[in-house]
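Novice: okay, sequence plus prediction incoming.
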There are 2 protein chains.
Amino acid sequence: MEVRRTTVRDMRRSNRSVILTSIYREGPLSRQELTVRTSLSAASVSNLVAELIAEGVVEEAGSVESEGGRPRVLLRVAPTFRYVVGAEVGETRVRVELFDLAMNVLARADHPISTPTPAEVVKHVLEGLSSVITASGIQPQQVLGLGVAVAGVVEDNAVVDAQTLGWEAVPLAEMLAKGTDIPVHVDNGANMLGQAEMYFGAGRGATDAVVALVGSGVGSALVAGGSSYRGTRSSAGEWGHMTIVYGGRQCRCGALGCLEAYVGAEGVLDRYREAGGLVEGDEETAFVELLSSTSEPAATIVADTIGYLAAGFANLVNLVNPERIVLGGWAGLALGEKHLDELRAEVGKHALRRPYAQVSIVLCELGRDAVALGAATLPVVRLLRDGGALPH
Amino acid sequence: MEVRRTTVRDMRRSNRSVILTSIYREGPLSRQELTVRTSLSAASVSNLVAELIAEGVVEEAGSVESEGGRPRVLLRVAPTFRYVVGAEVGETRVRVELFDLAMNVLARADHPISTPTPAEVVKHVLEGLSSVITASGIQPQQVLGLGVAVAGVVEDNAVVDAQTLGWEAVPLAEMLAKGTDIPVHVDNGANMLGQAEMYFGAGRGATDAVVALVGSGVGSALVAGGSSYRGTRSSAGEWGHMTIVYGGRQCRCGALGCLEAYVGAEGVLDRYREAGGLVEGDEETAFVELLSSTSEPAATIVADTIGYLAAGFANLVNLVNPERIVLGGWAGLALGEKHLDELRAEVGKHALRRPYAQVSIVLCELGRDAVALGAATLPVVRLLRDGGALPH
DNA sequence: GGGTCTTAGTTCACGACCTGGAAGAAGGGA
DNA sequence: TCCCTTCTTCCAGGTCGTGAACTAAGACCC
């Protein structure tokens, strides 16, 4: 039973949330447009908006011609009402960025790390946090929240398992909270990149989508009915470890024939090497090299990769019937920029006709640095959900 | 924007819905237990329950010892408040069943069909409807709704595509509505079987689950966050056409290497035949025969089937992180009854450790005749959602 | 420049709703 | 008979969205 009672107060919060979310996500809107979209009465919109303006969450932003009468006053979420901070914890660095509510970057702090122990990471995130706050000249109280993205399984703001960092059961949010009064949210990196694309990139407007990330490894973020789908215990979206070639190549997860073993950059290069190809330089250079090579074995490997990836996409199309699949990750983008049409066509060969006709396959728009941006949206989403009420 | 405004009236409806749903799904409850579960005030519970009793939706059903004082009066949804009808449209027959709200079957009508044209099916469903109403001696006005399950893609109560019946774009609900005043709901057969299991069978209590159906073909019903997940355009759940052996066996959908081509009864028997096995009698007999055969090739085929099915399960486990997978369908049950433990172990080889540890794999409890039952829950779910308000 | 039209936004009385508290009725056990 | 717990009833208090009447602000016309 997770159905919840409703009280008289929930009503106002819920309506504030509806209005605020509309204003935030559908650009500047007039009160009149809000009455239409929310189907609230003009009186209520006026009332609620007045309250939001009085609190400073919303502000008027110019006006626009009406249909012959008094002009409509546009409303937007005040970008400087509060600020949000996003952090990306990678294997080799910690990046912290401060945004206003319009998600403009106001300050950034990068810090390389050698041994990413939890204590080390906590220290650098907190240092980055105060550094970006100072750099942007705002008050700490003006920061709405800190979102942290970690590559690994995250449950309830705690990192449960992060193989690349070698972490297990690290209560990251709790540890960070000891060093700051700012509310802390922790989530999975792939989900955060997905969230960024869904809010500000190629996923805008879609309610059922998958953001598929192909880098050295392969992952995805699922969006169902407008919000991120996490599964029972937050580990949904492990698309990379879907068996696609039964009994096939060994994957680093231990299983055989995972998608990742075929389309992850590492797997692709392994396959190229086995076919006699020459792999030089770091993974990324080599991968890009492979993509632009005109040699016969390289072309075969690339074509095969497209085929495997297409089968992986088709599995998503058939199983979850998304309206959009957004391909990202550095290897995914590199591949997609050259071969998107082939990929689309190939998906059609593996997917069922109907769901295939309903899906559009596009590339990420935000590049790979959007992880911190995505993490920073966590406190924003909370603000919108609570109708502009501040935490505590 | 699918967030909806809330008005002062939605509040009462929503609270009625919360109470009614609790009573229906969590068995007879006393008012006192309702105040705890819903966190509504005792005054409101009393008030709302009185209203529901006055309308006849809820009734008192005995009492139970309290903690020393006045006994608690138990409440239940009045089984005879209204009745619901479920229909299953198959290739060879139409089955119509009438239930009370406790989902006891009160009457059943089966009708064989030779050429399942839409007109024919409409005729038989309507005949079945009036036949079960007459047989059970109730008034047509007492029937809350008719749910119809069709094997095929259903969008907005219209059958979009049903290959086995050879239908395309059949507005079934609309056609049926011309012959009856009872509200008609149409949905996909696999989803309805899934719904039945989720409400009354092996899925009870789970909020993130997959009901996997293996018969001659293979399908599934996804349940996310407590309700059925349909995807953008209602065709989610096509698990059977997930590529599992890239470039593998031809599937009847046209693609290569679909799960269905390996674990659907038809595919299994084909593989057995190719391995030199002797397939006699109809599909079902032959399949059961194969399962109990002790010959070496048969054992291999069965073991392979378990392996492929396990990979298909593992893909679900990794991608959607369900708390439960319910295996059904006649072939699935036959296989599961003998080999469930092997299947579970095999899934562990393909799935990631964490999500695998969080899932339980169980068999359907309701048998394959639960399709009409599932379809009949459609109007019940509507009733619960609307807090007991009758349609129209 | 003044009147008028049109559309946008505001104000206010009203009815619907939940809550908390208090008082009491109901039903059983000691 | 007394006590205890579970409902029920009632009322004042507070919140909310709504419809209707009202004000605001431009455009247009003479």
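Specialist: Received the coordinates, thanks.
Novice: could you report the neighbour count for A:Leu373?
Specialist: 27 (other CB atoms under 10 Å in any protein chain shown). Glycine gets a C-beta too; all of them are placed from N, C-alpha and C.
Novice: err, A:Val94, not the other one
Specialist: 24.
Novice: dihedrals phi and psi, the closest residue to DNA strand C within the stretch 51-200 of chain A?
Specialist: Closest to DNA strand C within the stretch 51-200 of chain A is A:Gly69: 2.1 Å, counting by CB to the nearest atom of the strand. Note on A:Gly69: backbone dihedrals following degrees, to the nearest 10 are phi -120, psi -140.
Novice: A:Phe81 now?
Specialist: According to degrees, to the nearest 10, A:Phe81 has phi -60, psi -50.
Novice: flag every residue of chain A that's near DNA strand C.
Specialist: A:5-8, A:30-32, A:42-43, A:46-47, A:49-50, A:66-73 (CB under 7 Å from any atom of the strand).
Novice: out of those residues, which end up buried?
Specialist: A:Arg5, A:Thr6, A:Ser30, A:Arg31, A:Val49, A:Arg72, A:Val73 (16 or more other CB atoms under 10 Å in any protein chain shown).
Novice: for the first one, which residues are in contact?
Specialist: Same thing as A:Arg5. Counting by CB atoms under 8 Å, 6 or more residues apart in numbering or on different chains, A:Arg5 makes contact with B:Ser14, B:Asn15, B:Val18, B:Thr38, B:Ser39, B:Leu40.
Novice: which ones among the residues you listed are found in helices?
Specialist: B:Ser14, B:Asn15, B:Val18, B:Thr38 (DSSP state H).
Novice: closest to A:Thr80 out of those?
Specialist: B:Ser14 (36.3 Å; CB to CB).
Novice: hmm, A:Ala78 is touching A:Val58, no?
Specialist: Yes. Using CB atoms under 8 Å, A:Ala78 is in contact with A:Val58, at 6.4 Å.
Novice: quick one: contacts for the closest residue in space to A:Glu283 that isn't next to it in sequence?
Specialist: Leaving aside its sequence neighbours, A:Glu283 sits nearest to A:Ala265 (CB to CB, 6 or more residues apart in numbering or on different chains; 5.5 Å). Going by CB under 8 Å, 6+ apart, A:Ala265 touches A:Val214, A:Gly215, A:Ser216, A:Glu283, A:Glu284, A:Phe287, A:Trp330, A:Ala331.
Novice: report the buried members of those residues.
Specialist: Using 16+ other CB under 10 Å, the buried ones in those are A:Val214, A:Gly215, A:Ser216, A:Glu283, A:Phe287, A:Trp330, A:Ala331.
Novice: among these, which pair sits farthest apart?
Specialist: Of all pairs drawn from the buried ones among the contacts of A:Ala265, the greatest distance, 12.5 Å, lies between A:Val214 and A:Glu283 (CB to CB).
Novice: before we move on, the earlier item: possible to save the contacts of A:Ala265 as CSV with pLDDT, secondary structure and distance to DNA strand D?
Specialist: Below are the contacts of A:Ala265 laid out as CSV (pLDDT from 0 to 100; DSSP: H, G, I helix; E, B strand; the rest coil; distance: CB to the nearest atom of the strand, whole Å):
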residue, pLDDT, secondary structure, distance to DNA strand D
A:Val214, 97, strand, 45
A:Gly215, 95, coil, 45
A:Ser216, 93, coil, 49
A:Glu283, 95, helix, 54
A:Glu284, 95, helix, 52
A:Phe287, 97, helix, 53
A:Trp330, 95, helix, 46
A:Ala331, 97, helix, 48
